[in-house]
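Peer 1: need coordinates for the below:
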Amino acid sequence: MSFVNVEIKDGHWAEIQLDRPEAHNAISTAMAEDLVAACARVASEPGVRAVVISSTGEKSFCVGADLKERNSFSDAQLLQQRLVFRQAFGAVRQLPVPSIAAVHGFALGGGLEIALSCDLIVADETAVLGLPEVRVGLVPGGGGTQLLSRRIGPSAAADLIFTARQVRIDEAEALGLVNRRVSAGQDRSAAAELAAQIAVNSPVGLRNAKHALVAGPEVHLDAGLDIEDGAWRATAFSGDRHEGIAAFNEKRVPAWPGA
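Peer 2: Now for the predicted structure:
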C-alpha cells in the first residue's frame, strides 16, 4: 500500500498526492519513504515540466509528523526516522522543475514544510498554517526554520516559530506565506491550472530558471549573477532556444525538443 500517489497529467505536468486521509495525512516513516520514491519517479520523467503536490481528505493538507507512531520510538528509532524524513523533504526541494503546493485545511509542522519546500503555494480559504514544533518539545526539522525565514523574513518567521501559533488565510496572505489565494475547495484545480500554464514553456528554460532562483539567493550578488549567466548560456545554446525563436517568428506554438 502506498501513501503517496503519482499521476503524469496531459500537458506535461505531474501530480504527487499525499494519500493518508484517515490520519489527516500525518507523515509516517512509510509515507516519507513513499514521498522519496514519488519525487524520484517524477524527476526521472523527461516530459514533466511542473509538479503539483496535493492531498486527499477534506480537512487537512498534512498535519506533520505522525506523533502517534513516534510515541513508542526509542531514541535510535527516532534518529533512523530522521534520516528518512530528511530525504523526503530534500526530495521535494530538489525537484528539478517548478513545484506547486495545493493547500487546504491544516498544513502544520512537516505539512507546512512540504509546502515551503515547493516553489509556489496555492492555498484555499480553509487553510490554517503553522510550525507548532516547540509546543511538543521539538524544533522544525524539515527545513522550516530556513525556508519560512526566506519566504516571509526572519522576524515574522521567529514570531510564528517561537509562539507555535497557527495563521489563517488572511494573515498568511498578508505575510506572503502563500502565493495565490483561492476559494474553498479550489486549491487543487487552481494549482493544476497554474501547472498547466507553466508547462507550456520551455523545459530547458524552466529547469535552468529554477536552478538560478534556488541557488542565487544563497550567495553574494556577483556570484548569483554568475549563476544566472550559466543558466542563460545553458538555455541560449539549446534546441529549445532555436525552436522558441522560430515559433515566435512563424507565429505558431513551439514544439520544444527539451534539450
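Peer 1: so who does residue 122 touch?
Peer 2: Residues in contact with residue 122 (Cβ atoms under 8 Å, 6 or more residues apart in numbering) are 100-103, 178-180, 182, 187, 190-191, 194. Every C-beta, even on glycine, is put in place using the N, C-alpha and C of the backbone.
Peer 1: of those, closest to residue 208?
Peer 2: Distance to residue 208, by Cβ to Cβ, is smallest for residue 100 among the contacts of residue 122, at 18.6 Å.
Peer 1: by neighbour count, which of the contacts of residue 122 wins?
Peer 2: residue 103 (34 neighbours; other Cβ atoms under 10 Å).
Peer 1: partners of that one in the sheet?
Peer 2: Judged by DSSP bridges, the bridge partners of residue 103 are residue 123.
Peer 1: same thing with the one 4 residues further on?
Peer 2: Per DSSP bridges, the residues bridged to residue 107 are residue 62, residue 129.
Peer 1: so how far is residue 44 from it?
Peer 2: 27 Å (Cβ to Cβ, to the nearest Å).
Peer 1: the more surrounded of those two?
Peer 2: Shown here are residue 107 and residue 44; by other Cβ under 10 Å, residue 107 has more neighbours (32 against 9).
Peer 1: these two touch, right, that one and residue 126?
Peer 2: No: between residue 107 and residue 126 there is no contact under Cβ atoms under 8 Å: 10.3 Å.
Peer 1: what about residue 77, which SS state?
Peer 2: helix (DSSP: H, G, I helix; E, B strand; the rest coil).
Peer 1: so where does residue 5 fall, helix or strand?
Peer 2: strand 4-9 (DSSP states H and E).
Peer 1: to clarify, my last question referred to residue 198.
Peer 2: Going by DSSP H and E, residue 198 is part of helix 187-199.
Peer 1: ok, and what's touching that helix?
Peer 2: For helix 187-199, the surrounding residues in contact (Cβ under 8 Å, 6+ apart) are 9, 11-13, 15, 49-52, 54, 98, 100-104, 120, 122-124, 127, 180, 182, 206.
Peer 1: same question for it, mean pLDDT?
Peer 2: The average pLDDT for helix 187-199 rounds to 97.
Peer 1: check which element follows that helix along the chain.
Peer 2: Next along from helix 187-199, by DSSP H and E: helix 203-215.
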